[in-house]
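Novice: sequence first, then the predicted structure:
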Amino acid sequence: MTTKLVITLTEEATNKYLEFSRKQTGDHVDENCEPSDITLMINIAASNMYESSAYINQQELGEVEVNLIE
């Protein structure tokens, strides 16, 4: 059976991500540049994967839920 790692941002982390991405995209469009990609880093805690966090540009967005699903 296949196992999947499912990562879900909390509502707070999602809102921060959307705020960042909208600003970055708007800034690039205003400068007549093609919007660039956004790197989202997920830090999965080794001792407890339920205490994991998401980051953009080394700024913490908030907690994420990490689940293994079969």
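Specialist: Received the coordinates, thanks.
Novice: all helices for this protein, in order.
Specialist: Per DSSP state H, the chain has helices spanning 11-30. These are given in chain order.
Novice: ok, longest strand in it?
Specialist: In the chain, with assignment by DSSP state E, the single longest strand is strand 59-69.
Novice: only the buried residues of it, if you could.
Specialist: 61, 62, 63, 64, 66 (16 or more other Cβ atoms under 10 Å). Yep, even glycine has a C-beta here, placed from its N, CA and C like the rest.
Novice: pairing partners for that strand, with directions?
Specialist: Strand 59-69 has the following sheet partners, assigned by DSSP bridges: strand 4-9 (antiparallel), strand 52-56 (antiparallel).
Novice: closest one to residue 21 among the ones you listed?
Specialist: strand 52-56 (8.4 Å; Cβ to Cβ).
Novice: so residue 17 sits against residue 23, correct?
Specialist: No: between residue 17 and residue 23 there is no contact under Cβ atoms under 8 Å: 11.0 Å.
Novice: more neighbours: which of the two?
Specialist: residue 17 (17 against 10; other Cβ atoms under 10 Å).
Novice: and for the more buried one, nearest residue in space, chain neighbours not counted?
Specialist: Nearest in space to residue 17, with sequence neighbours left out and distances taken as Cβ to Cβ, 6 or more residues apart in numbering, is residue 61 at 5.6 Å.
Novice: that neighbour reaches residue 43, doesn't it?
Specialist: No: the pair residue 61 / residue 43 is not scored as a contact, 10.8 Å apart, by Cβ under 8 Å.
Novice: shared neighbours of these two, which are they?
Specialist: 53, 54, 55 (Cβ atoms under 8 Å, 6 or more residues apart in numbering).
Novice: dump the residue contacts of the second one.
Specialist: Spelled out, it's residue 54. Each residue near residue 54 by Cβ under 8 Å, 6+ apart is listed here: 9, 13, 17, 40, 41, 42, 43, 60, 61, 62, 63, 64.
Novice: show me which of those residues is closest to residue 2.
Specialist: residue 42 (20.5 Å).
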